[in-house]
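> Okay, sequence plus prediction incoming.
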Amino acid sequence: MHIFSPRALALIGAAALSAAAVTPAAAQHERTDFKVCWSIYVGWMPWGWLSDSGLMKEWADRYGINVEIVQINDYVESINQYTAGEFDGCSMTNMDALSIPAGGGVDTTALIIGDFSNGNDGIVLKGSEALADIRGQNVNLVELSVSHYLLARALDSVGLTERDITVVNTSDADMVAAYATNDVTAVVTWNPLLSEILATPGSANVFDSAAIPGEIIDIMMVNTETLAANPDFGKALVGAWYEAMSIVAADTPEGIEVRTALATAAGTDLAGYEAQLATTEMLYAPAEGVAFAESPALSTTMDYVRNFLFDHGILGTGAPSPDFVGIEFADGSILGDASNVKLRFDPTYMQLAADGAL
């Protein structure tokens, strides 16, 4: 799921203050009870199954801890609650992790890089098949979200800028209904909404995330200080996730059964869920997550993202430049302020899973 709304912006200051007061104090001590949250999206559906199936409990028991997995229906709210210290981990995109918790001062680590959008996010025009025809149109999207980022990247590809269109902030909950009206001719959204909208006669997908692979990344983010004080928390989460991935990816009766359960939980059927998986580059094996985290391309992506956030005024309160928040990568290199590192791509725990060391 990919949302960053103005409501989130309004909450960011308060959430950051709350997190500053709550999270570090809690993170200084070893603990046995942890909570992570997630919201509906094709790549995050296994988190619900992990809880329901008891697999998370098995891995938590192995390390003598408890891990509660909570579904939150409002994606923005899930990130705000994580930022405020209510959860130790939360599923979110790379962009939202940088803008909300990291930009708000909460040191956050990318524990599990689960997938990236490879067609799951797209731009749809009504009555036209050429992206350049978007010039002069109103474009409905969730403002300041990865849809907005996708639009900016798309416009640049045809020599246009946001000055050539008008953004109309539209809730994801209202997107399909809005597109059904005569007044709405251009939208940017994600699956399953994207597929539903494209089923409308006269609609064309004129640009999607397959054109910028690896830039919209779906991740389980965790509080860095909590992880440092409680490595077993990271080990249990990673171990459970990759065992689930080995089942979800398998062309076996068990794999089909689990994917069907994920589809039902997502409000679709197996065919619909697998259609969404087809436009999602799932990193099923831990070695794939490690390779992604260690790729030099990740630094390039995050440079695009931080500049987009800065240009739109959402890279932390009063950020004087794109360097405001430091981003640390697997090789120890830092993009931005080395004295204010708040987002870390650390493949340590994925590597332990790849090595069979959990």
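Received it, and whenever you're ready, just let me know what you need.

> which secondary structure elements does the strand or helix carrying Asp218 contact?
Element membership of Asp218 [criterion: DSSP states H and E] is strand 217-223. The elements that strand 217-223 packs onto, with contact taken as 3 or more CB pairs under 8 Å, 6 or more residues apart in numbering; DSSP states H and E, are strand 33-38, strand 89-93, helix 94-97, strand 108-117, helix 231-248. Any C-beta I mention is one placed from the backbone N, CA and C, and that applies to glycine too.

> Identify the bridge partners of the residue positioned nearest the centre of the chain.
By CA atoms, centre = their mean, the mean C-alpha position of the chain lies nearest to Thr93, the distance being 2.1 Å. Beta-bridge pairing of Thr93 under DSSP bridges involves Asp218.

> State the distance from it to Asn230.
As judged by CB to CB, to the nearest Å, Thr93 and Asn230 stand 25 Å apart.

> Repeat that for Gly104.
Gly104 sits 22 Å away from Asn230, going by CB to CB.

> So those two - more neighbours on which side?
Gly104 (26 against 22; other CB atoms under 10 Å).

> Contacts for stretch 350-358, please.
For stretch 350-358, contacts defined as CB atoms under 8 Å, 6 or more residues apart in numbering pick out 111-113, 235, 238-239, 242, 285-287, 289-290, 293.

> in it, what's buried?
Under the neighbour-count criterion of 16 or more other CB atoms under 10 Å, stretch 350-358 has 350-354, 358 buried.

> if you look at the residues you listed, which of them are in helices?
When the buried residues of stretch 350-358 are checked against helices (DSSP state H), the matches are 350-354.

> Can you tell me which of these is nearest Asn80?
In terms of CB to CB, no member of these lies closer to Asn80 than Met350, at 26.5 Å.

> what sits against Val176?
Per CB under 8 Å, 6+ apart, neighbours of Val176: 193, 196-197.

> does it sit in a helix or strand, and which one?
Going by DSSP H and E, Val176 is part of helix 175-179.

> Just the C-alpha atoms of that helix, please, in PDB.
In PDB, the C-alpha atoms belonging to helix 175-179 read as follows (Å, rounded to 0.1, in the frame of the first residue of the first chain):
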ATOM      1  CA  MET A 175     -10.700   6.800  -6.500                       C
ATOM      2  CA  VAL A 176     -12.800   4.300  -8.300                       C
ATOM      3  CA  ALA A 177     -16.000   6.200  -7.900                       C
ATOM      4  CA  ALA A 178     -14.300   9.400  -9.000                       C
ATOM      5  CA  TYR A 179     -13.000   7.800 -12.100                       C
END
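
> Buried ones in it, by neighbour count?
Under 16+ other CB under 10 Å, the buried positions of helix 175-179 are 175-176, 178-179.

> The residues you listed: which two are farthest apart?
Largest pairwise distance in these, by CB to CB, is 7.3 Å, between Val176 and Ala178.

> Now Ala297. Nearest residue, chain neighbours left out?
Leaving aside its chain neighbours, Ala297 sits nearest to Gly214 (6.0 Å; criterion: CB to CB, 6 or more residues apart in numbering).

> Could you verify that the one you found is part of a strand?
No: counting by DSSP: H, G, I helix; E, B strand; the rest coil, Gly214 is not part of a strand but coil.

> How many residues are close by Val139?
For Val139, using other CB under 10 Å, the count is 23.

> Residues in a beta bridge with it, which ones?
Following DSSP bridges, Val139 is listed with bridge partners Val167.

> ok, it to Ser128 distance?
13 Å.

> What of Glu215?
Glu215 is 25 Å from Ser128, where distance means CB to CB.

> Who has more neighbours out of these two?
Comparing Glu215 with Ser128 by other CB under 10 Å, the one with more neighbours is Glu215, at 24 against 17.

> If I look at the more buried one, what pLDDT would I see?
Looking at Glu215, its pLDDT is 96.

> shift numbering so it begins at 4
From this message on, residue numbering opens at 4, which makes the last subject Glu218.

> Now it: closest residue in space, sequence neighbours ignored.
Spatial nearest neighbour of Glu218, excluding adjacent residues (CB to CB, 6+ apart): Thr304 at 4.9 Å.

> Distance check, that neighbour against Leu230.
Thr304 sits 23 Å away from Leu230, going by CB to CB.

> give me the number of residues near the closest residue to Tyr66 other than its chain neighbours?
Spatial nearest neighbour of Tyr66, excluding adjacent residues (CB to CB, 6+ apart): Asp235 at 3.8 Å. Residues lying near Asp235 (other CB under 10 Å) number 19.

> quick one: low-confidence ranges for this protein?
Low-confidence segments of the chain (pLDDT under 70): 4-31.

> what domains does the record give for it?
Listed domain ranges for the chain are 9-119+218-357, 124-214 (source: automatic domain parsing).

> winner for burial among the ones you listed?
For the domains of the chain, the largest average neighbour count (mean count of other CB atoms under 10 Å) is found in domain 9-119+218-357, namely a mean of 20.
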